[in-house]
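> sequence and predicted structure below; questions after.
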Amino acid sequence: MTDRDHRRELIPLITTRPRHLADIAAQLGISEIVTATALGWLKLHNYVVYLDGHGYIATPTGIAWQQENNT
């Protein structure tokens, strides 16, 4: 166990636009499992986080960005 709070590191990465789970894990330097666990913690504690069937994660702001940019 480390002192890093992956949950808090995850939030800024997904607020601006949707990102893939693997990309987030690589950017944070952690495994996809740890990233998915952090995502699960956020959802459990009522953070509004979306995960699509392709592994992309976003917040409502990220969803709005995606709709504006049609990506």
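Perfect, thanks for sending it. Numbering: from 1, shown residues only.
> give me the below-cutoff pLDDT ranges for the chain.
Scanning the chain with the threshold set as pLDDT under 70 gives 1-3, 62, 65-67, 70-71.
> scan it for its longest helix.
Looking across the chain with DSSP state H, the single longest helix is helix 32-44.
> who touches that helix?
6-7, 9-11, 21-22, 24-25, 28, 49, 51, 57 (CB atoms under 8 Å, 6 or more residues apart in numbering). (C-beta placed from N, C-alpha, C; glycine too.)
> same thing but 10 Å
Applying CB atoms under 10 Å, 6 or more residues apart in numbering, the contact partners of helix 32-44 are 2, 4-11, 13-14, 20-28, 30-31, 47-51, 55, 57, 59.
> which of the residues you listed count as buried?
6, 9-10, 13-14, 21, 24-25, 28, 30, 49, 51, 57, 59 (16 or more other CB atoms under 10 Å).
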